[in-house]
Structures are given as C-alpha cells and as structure tokens.
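**Q** sharing a sequence plus its predicted fold:
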Amino acid sequence: MSDAGLANGGPSPVSTAKVALRVDLPAASVAENAGLVEHLTTFINYAFTTSEQGIWDLDKPKFERLTADKTRDLLRSRELAFVWRGDAPDIASALDKLGPPCVVGSVRLHWAEPQIGDVSLVACTNSVRGQGVGRAIMRFAEEHFKREGGKAVQIELLVPQAAPHPEKVKLDAWYQRLGFVPIRMEEFHLRYPHLAPLLAGECLLKVYEKPL
Ligand SMILES: CC(C)(COP(=O)(O)OP(=O)(O)OC[C@H]1O[C@@H](n2cnc3c(N)ncnc32)[C@H](O)[C@@H]1OP(=O)(O)O)[C@@H](O)C(=O)NCCC(=O)NCCS
C-alpha cells in the first residue's frame, strides 16, 4: 500500500497491488444519479450485513442499515466520500466511463463536535477487500478533517456483550494500529434509540479518538 499524499482536496490516488483506485468527496450533484445511489446503498448494506452477522436481528421487518433516501441525503450534504476504480481523474468522468460499479469503497464524514470529525460507514466491495482500500479511506478521512481545521477524528465500534465478535475484534486491533485510542464506552440504546430494538442482543459502543 503506497502512502501517496493527498493533493490539496483533489482526488487521492490509491495504489494497491492489483488495481488503480482514487478517493474523493464528490460534488452534491452525484446524489441525483439514481444508479449510483442504489449501488452505494447495496454494497454498503451488504458489507455491514455480512460483517455484522449475529449483531442485528435480520428477521425484524424494519431492518435496513442504510436506505436509498439516507444515501441520497448523505451525498446531497457532501458527507459521503467514495473510492472509485480506474484512472479517471474525477468521479464524474469515472461514472461516465464505467458507471456506478466503478465505486468500490465508502466513508461517511461528519462533525461530531466543532473540531472532532467522525468517521463511519467505512465499507468496501468484496472485489477489493484486503487490498488496502480501507486503510486509504481512513487516511483520506483524517486528511479531510485536518484540512478542514479538525483537531481529532473519532470512530465508533459496536461491541456485542454476549461474546467477542470476530469482525469487531479485528476492527478493534486495526483501529489501534492506525493510532486510534479507545476513550469511552457508551450505551448503544442511548445514542441510537431507533436502532436499539433491531439488535439481536445487548451492545455497547466503543469510541476511539485520534489526534490530528
Ligand atoms: C473495514 C473494511 C472497509 C476494510 O477494508 P479493506 O480494504 O479490506 O481493508 P484493508 O485492506 O485496508 O485492511 C485493513 C486492515 O485489516 C488487515 N486485514 C486485511 N485483511 C485481513 C484478514 N483477512 N484478516 C486479518 N486482517 C486483515 C490489513 O492488514 C489492514 O491492516 P493494516 O492497515 O494495519 O495493514 C472492510 O473490511 C469492510 O467493508 N468491512 C465491513 C464494514 C465494516 O465493518 N466497517 C467498519 C466499521 S465503520
């Protein structure tokens, strides 16, 4: 995985062993691309459904990690950055050339507090897993918040209380390798009361922070 730097807010090249990728926060107008909204919603939901098996009660009829409406809102408010495949210099050209399937990774960026950026919805498609896309997304997020005047970046981990969850154990180690430090545990239902009834069992939220 190369450590290629970010060009002042422009798309960042992501060098991986097998494919050329770029990451950027797209213009709000991409929210009007219905195929893109559907593609993002589908792969993000798939990534979380597979990695959070046992955490959510998938039999609950209302279970939906992300809806197309929510994806559209995040794109309109410029909170959803993504990674695309290929060497097109910007997302508009990439979408023109390759269509929505060129988008292979995502991250939601928003301000938890005035100078604390929050990173969530970190996901990639199965086709690029394990090739450094996740690490590139995290680096992009940190650079983004730093450029915007952030002093720290935070990320949350859902921690089931019944037994260690293998994917969450891996993520915990990964976040700490990236320099995130656990700073507190929170009750899930207090933070996300609307989602708590959809959990299969009790969960806490582990919050990590990394100074910028
Ligand atoms: C999280 C996610 C985006 C990571 O994407 P990725 O492109 O596969 O990640 P990377 O290739 O950059 O690898 C991330 C780290 O995991 C390690 N890793 C990759 N594959 C691994 C495997 N099979 N087993 C153990 N560790 C592995 C890598 O070494 C890397 O660690 P490093 O940065 O210290 O070298 C992806 O796994 C995903 O979509 N998960 C589902 C959604 C989710 O749980 N998101 C996180 C919560 S917001």
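**A** Alright, I've got the coordinates.

**Q** next secondary structure after the helix or strand bottoming out on mean pLDDT in the chain?
**A** Of all the helices and strands that make up the chain, strand 12-15 has the lowest average by mean pLDDT, DSSP states H and E, namely a mean of 59. Toward the C-terminal end, the helix or strand that comes next after strand 12-15 (DSSP states H and E) is strand 20-24.

**Q** elements contacting that next one?
**A** Counting contacts by 3 or more CB pairs under 8 Å, 6 or more residues apart in numbering; DSSP states H and E, strand 20-24 is packed against strand 12-15, strand 80-85, strand 103-113, helix 133-147. C-betas here are computed from N, CA, C, even on glycine.

**Q** select the longest helix from this structure.
**A** Assignment by DSSP state H gives helix 34-51 as the longest helix of the chain.

**Q** that one vs strand 103-113, what angle?
**A** When axes from the mean of the first three to the mean of the last three CA atoms, to 10 degrees is applied, the directions of helix 34-51 and strand 103-113 differ by 80 degrees.

**Q** can you pull the residues of this protein lying near the ligand?
**A** Contact residues of the chain with respect to the ligand, defined by CB under 6 Å from any ligand atom, are listed as 47-48, 51, 120, 122-124, 129-135, 170-171, 174, 177.

**Q** for ChimeraX, write the select line for the buried members of the residues you listed.
**A** With 16 or more other CB atoms under 10 Å as the criterion, this ChimeraX line picks the buried residues out of those:
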select :47,48,120,122,123,124,131,132,133,134,135,171
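
**Q** next helix or strand past the helix or strand where residue 182 lies?
**A** In this structure, residue 182 sits in strand 181-187 according to DSSP H and E. Going down the chain from strand 181-187, the next helix or strand is helix 188-191, by DSSP H and E.

**Q** pLDDT on that following helix, on average?
**A** Across helix 188-191, pLDDT averages out at 91.

**Q** one more: stretch 199-212?
**A** Averaging pLDDT along stretch 199-212 gives 96.

**Q** what sits against whichever residue of the chain sits closest to the ligand?
**A** Distances between the chain and the ligand by CB to the nearest ligand atom are smallest at residue 134, namely 2.6 Å. With contacts defined as CB atoms under 8 Å, 6 or more residues apart in numbering, the neighbours of residue 134 are 105, 122, 124, 174.
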